[in-house]
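*Asks:* Provided below for reference: sequence and predicted model.
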Amino acid sequence: MPGRAQGPDTPVVAVAVGIVAPGVSSPDDLWEVLQQGEPQLGEPVRFDIGPIFDTDPEALDRTCGRVGGFIRSFRPHPVLAAEREQGRWNEAESETLWLRHSLLQALDHVTVTGSQRVGCYVAALPGGFLSAEDAVLVSVAGQLADRRASAAGEQAGHERRLRELLAGRYRHAPADSQWVRPDVVLRRAVEGLLPPAIDWLTVSTACASSLNAIDIGLHRLRAGDCDVAFCGSVYGLGRFMAVGAAKFKGSPCPVICGRSTRRRTALFSPRPRLWLCSSGWKRRGQTVTASSA
């Protein structure tokens, strides 16, 4: 019954999934890549790896690996593609777009009724947003303007020109700096797709974040706090983690092809993904309708 607590052994069913990963824009793409067994490694396209690359693995603030599990191509969900054509989204908002795309994929095969209580629990680490990195880099314009200005009246002009210059190079900086916050990314990604009054939480517990997000969803369902739970994660490999991963001295990374790489430096793979879980389900034709047990 809705709102009724269930036992810890109550089955919870994953009824839908959405995903974006290196070389993958859908669950079908994932299985195809896994069957082919071809590595999906490559150089990043969202930022220039050159300035932070050094062949010396001990070089300070440098990575000795040019390739990694970067998302190099992305085929958006038709609804998201239409929204982009209408100018709703800035192309630079990669992490928000990946998460919204994954949610739209999950909703393709699921009907969530208005009477159902929805939970949304997403792992979102601030260090996994290239938009946050670029926002910080562009924000130094004000500090630089202070140093260059010989008179108070010149500061605004210097700051404007510096921001334009930096924004051209660091193009993922958002128009509003608040958009890089994980909770805001989640809110904007689900806007118009899920009811406004939902139980939601962003999780940041390092490498265990994705598992914790799923675990929270399971507990909420079994406690009777929600009838349907969207659980997932969003993480985009940027400069910060490219350097950080290199300092691990290349521990093997399975990436997306299911086999280990022998490169000296293996960079981690960003994998925005979303699962839809329910404490019960029933099938109607080709659509899975989530319902409480």
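*Replies:* That came through fine.

*Asks:* which ones are touching the residue nearest to the spatial centre of the chain?
*Replies:* Note on the chain: the residue nearest the mean C-alpha position is residue 234, at 2.3 Å, using C-alpha atoms, centre = their mean. For residue 234, the contact set (C-beta atoms under 8 Å, 6 or more residues apart in numbering) comprises 95, 98-99, 122-124, 128, 185, 189, 272. (C-beta placed from N, C-alpha, C; glycine too.)

*Asks:* mind redoing it with 7 Å?
*Replies:* 95, 98-99, 122, 124, 272 (C-beta atoms under 7 Å, 6 or more residues apart in numbering).

*Asks:* ok, so of those, who is nearest residue 210?
*Replies:* Nearest to residue 210 among the contacts of residue 234 is residue 122, at 9.1 Å by C-beta to C-beta.

*Asks:* and that closest one, what are its phi and psi?
*Replies:* phi -130, psi 130 (degrees, to the nearest 10).

*Asks:* Hmm, it is touching residue 213, no?
*Replies:* Yes. Contact criterion C-beta atoms under 7 Å: residue 122 and residue 213 qualify, at 5.9 Å.

*Asks:* more neighbours, these two?
*Replies:* residue 122 (30 against 25; other C-beta atoms under 10 Å).

*Asks:* just to revisit the earlier point, so what sits against both of residue 122 and residue 213?
*Replies:* Joint contacts of residue 122 and residue 213 (C-beta under 7 Å, 6+ apart) are 203, 232-233.

*Asks:* Out of those residues, which sit inside strands?
*Replies:* The members of these that map onto strands under DSSP state E are 203, 232-233.

*Asks:* Which of those residues has the largest number of neighbours?
*Replies:* Busiest of those [other C-beta under 10 Å] is residue 232, holding 28 neighbours.

*Asks:* hey, what's that residue bridged with?
*Replies:* On the basis of DSSP bridges, residue 232 is bridged to residue 122, residue 274.

*Asks:* where's the closest residue to residue 180 other than its chain neighbours, which helix or strand?
*Replies:* Using C-beta to C-beta, 6 or more residues apart in numbering and skipping the chain neighbours, the partner closest in space to residue 180 is residue 132 (4.0 Å). Following DSSP states H and E, one finds residue 132 within helix 130-139.

*Asks:* CA atoms of that helix as CSV?
*Replies:* The C-alpha trace of helix 130-139 is given here as CSV (Å, rounded to 0.1, in the frame of the first residue of the first chain):
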residue,chain,number,x,y,z
LEU,A,130,33.7,21.1,-16.0
SER,A,131,31.3,24.1,-15.9
ALA,A,132,32.4,24.6,-12.3
GLU,A,133,36.1,24.6,-13.3
ASP,A,134,35.4,27.1,-16.1
ALA,A,135,33.3,29.3,-13.8
VAL,A,136,36.1,29.6,-11.3
LEU,A,137,38.6,30.5,-14.0
VAL,A,138,36.4,33.1,-15.5
SER,A,139,35.6,34.6,-12.1
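
*Asks:* what about the residue nearest to residue 180, how many neighbours?
*Replies:* 25.

*Asks:* just the angle between the host helix or strand of residue 96 and helix 130-139, please?
*Replies:* For residue 96, the host element (DSSP H and E) is helix 94-107. With axes from the mean of the first three to the mean of the last three C-alpha atoms, to 10 degrees as the basis, helix 94-107 and helix 130-139 are set at 160 degrees to each other.

*Asks:* avg pLDDT for helix 94-107?
*Replies:* Across helix 94-107, the average pLDDT comes to 93.

*Asks:* Over to stretch 68-77?
*Replies:* Here the average pLDDT along stretch 68-77 is 89.

*Asks:* okay, the angle between the strand or helix carrying residue 31 and helix 94-107?
*Replies:* Using DSSP H and E, residue 31 falls within helix 27-36. Calculated by the same axes, to 10 degrees, helix 27-36 forms an angle of 100 degrees with helix 94-107.
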